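Undergrad: no sequence for this one, just the structure:
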C-alpha cells in the first residue's frame, strides 16, 4: 500500500511560483508512475502532469506545459511539482496520485489507485 501526503500549497499573486511536494510512504513507490491532478471549485478533477517510475518520461496538460515541471526523487520517495507563472486559472486543490503496477505515466485519473488529501493553491491578481 502507498500513502501520499502533499505539501507546499498556498496563496500567491499572478505570476508567482510555487513548489509542491508529495511524500510517499509504503513499498513499491519507486516502480510506479506518479501524477499530479487538480480540482477547481465547481469543476471536475483534471490532469496536470505525470512521470514514469524513473523520471525518464513525463507528460503535461497543455494548459501547464512550459510553466510546470514534474520531478521525482525515488531515494526520498518524493514527488514534486514546480509551478511558475501562475495565473488565476491555476487556482485549485492539487492532488498527488500513484499508479499501482505500472511504471508508465497516464493522463487518466482512473488509472491511479492511490491519492493524497490535496493541497490548495490560490492565485489572485
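TA: Cool, the structure landed. Here the structure is a predicted model, which is why all the values come from computation and not from measurement. Residues are numbered from 1 along each chain as shown.
Undergrad: element containing the most centrally placed residue in the chain?
TA: Centroid-nearest residue in the chain, with Cα atoms, centre = their mean: residue 36, separated by 2.2 Å. Following DSSP states H and E, one finds residue 36 within strand 34-39.
Undergrad: Kindly report the same for residue 79.
TA: If you go by DSSP H and E, residue 79 is part of strand 78-83.
Undergrad: In terms of pLDDT, where does residue 31 sit?
TA: pLDDT recorded at residue 31 is 84.
Undergrad: now it: how far from residue 123?
TA: 34 Å (Cβ to Cβ, to the nearest Å). C-beta here means a position set from N, CA and C on the backbone, and glycine is covered the same way.
Undergrad: just residue 2 next, same as before
TA: For residue 2 relative to residue 123 (Cβ to Cβ), the value is 29 Å.
Undergrad: Could you list the low-confidence segments of this protein?
TA: Within the chain, the segments meeting pLDDT under 70 span 27-28.
Undergrad: make it 90
TA: The chain contains residues with pLDDT under 90 at 1-2, 25-31, 100-102.
Undergrad: ok, which stretches of it are strands?
TA: Per DSSP state E, the chain carries strands over the ranges 3-7, 10-13, 18-25, 34-39, 46-51, 58-60, 68-73, 78-83, 92-98, 114-115, 119-124.
Undergrad: Mind listing what's buried along the longest one?
TA: This points to strand 18-25. Residues 18, 20-24 are the ones in strand 18-25 that count as buried (16 or more other Cβ atoms under 10 Å).
Undergrad: who's more crowded, residue 31 and residue 123?
TA: residue 123 (20 against 14; other Cβ atoms under 10 Å).
Undergrad: Identify the bridge partners of that one.
TA: Beta bridges link residue 123 to residue 12, judged by DSSP bridges.
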